[in-house]
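Visitor: got a sequence here, can you model it:
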Amino acid sequence: MKTKILITGATGGLAQSLVKKLAENHCDLILVSRNSEKLHAIYGDKFTHIITDCSNFQGTKKLFDEIAERDIILDSFAHCVGNIKLSPLHRTSEADFFDCISTNLFSAFFTLAAFVEHLKKSSAHGSAVFVSSAAASIGIPNHEAISSAKAGLEALIRSAAATYASLNIRINAVSPGLLDTPASSHLLSSDLLREMAAKQYPIKGIGNTEDVADLMAWLLSEKAQRVTGQVWSIDGGFSNIRPLVK
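Guide: All right, here's what the predicted structure looks like:
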């Protein structure tokens, strides 16, 4: 039987790399996005498509109602919903703040709750992986909104992992630095900006989605069956080390 994996935010750059990786492993994928046209443009008729907005309770309910109607029993869940909103605290509007929180934190809370309930109803164990950010664990200028959202996400991961470990439901996250994706294109729009961004990291460079997707796929697999409640940094050492100054 093929592994059935739910991937939310499936049109994003990281999600596309993860879909490619999991498809190579012959997994059965259920892809979720708010944008039907974009989802179809990227994947055509491949995989199962579900259109909904995971950043609110009703959208998540719609998603899992449709999963139930199709008699899909999930094994794993990769949550790739997120956005990047950078501005100093005093210039962050109420609308931008709530959009950042709902997209990056509320979506994770609602979908994880529904995924766990789905597994409990089917008496199955499973695994989930989320996408955090280096900004959750280290102070970076102008990241107040996204730092708040991702720090909340990491706390959610640890608490939920503790709650459901006895049911053999594993919950982890990856925490990359800046990735070369369409979502970050405005931060990497010139050679100078790319060079400046790359220099921030102890191992200099911009992260690529393939490396992060490999780690996410491993965390979802049985090879990581003893791993839960962890946030895996993949940021060139940015959040944890300081290199020697030469």
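Visitor: test my guess that F109 contacts A155.
Guide: No: between F109 and A155 there is no contact under Cβ atoms under 8 Å: 10.7 Å. For glycine as for every other residue, the C-beta is placed from the backbone atoms N, C-alpha and C.
Visitor: more crowded one of those two?
Guide: Between F109 and A155, F109 has the larger neighbour count (other Cβ atoms under 10 Å), namely 16 against 12.
Visitor: which ones are touching that one?
Guide: Each residue near F109 by Cβ atoms under 8 Å, 6 or more residues apart in numbering is listed here: L156.
Visitor: low pLDDT regions in this structure?
Guide: 1-2, 185, 246 (pLDDT under 70).
Visitor: buried ones in the longest strand along it, by neighbour count?
Guide: Criterion DSSP state E: the longest strand present in the chain is strand 169-176. Neighbour counts over strand 169-176 (16 or more other Cβ atoms under 10 Å) mark 169-176 as buried.
Visitor: burial check on the closest residue to S122 other than its chain neighbours, number of neighbours?
Guide: Leaving aside its sequence neighbours, S122 sits nearest to I73 (Cβ to Cβ, 6 or more residues apart in numbering; 5.1 Å). Number of residues near I73 (other Cβ under 10 Å) recorded here: 15.
Visitor: my read: I73 touches T3, true?
Guide: No: the criterion here is Cβ under 8 Å, and I73 misses it with T3 at 10.7 Å.
Visitor: contacts for stretch 239-246, please.
Guide: Taking Cβ under 8 Å, 6+ apart as the rule, stretch 239-246 contacts 134, 137-138, 175, 177, 202, 233, 237.
Visitor: so for it, what gets flagged as buried?
Guide: Using 16+ other Cβ under 10 Å as the test for burial, stretch 239-246 gives S239.
Visitor: do stretch 10-30 as well
Guide: Across stretch 10-30, burial judged by 16+ other Cβ under 10 Å covers 10-19, 21-22, 27-30.
Visitor: tell me what the strand or helix carrying A213 is packed against?
Guide: When elements are assigned from DSSP states H and E, A213 belongs to helix 209-220. Under the contact criterion of 3 or more Cβ pairs under 8 Å, 6 or more residues apart in numbering; DSSP states H and E, the helices and strands touching helix 209-220 comprise helix 13-24, strand 76-79, strand 126-131, strand 169-176, strand 231-234.
Visitor: I'd like the ones you listed as CSV, with distance to T92 appended.
Guide: Shown next, in CSV, are the helices and strands packed on helix 209-220 (distance: least, Cβ to Cβ, whole Å):
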stretch, distance to T92
helix 13-24, 24
strand 76-79, 24
strand 126-131, 21
strand 169-176, 22
strand 231-234, 24
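Visitor: test my guess that F106 contacts D53.
Guide: No: the criterion here is Cβ under 8 Å, and F106 misses it with D53 at 10.7 Å.
Visitor: burial count for the residue nearest to R70 when sequence neighbours are not counted?
Guide: Among residues not flanking R70 along the chain, T48 sits closest, at 7.4 Å (Cβ to Cβ, 6+ apart). T48 is flanked by 15 other residues according to other Cβ under 10 Å.
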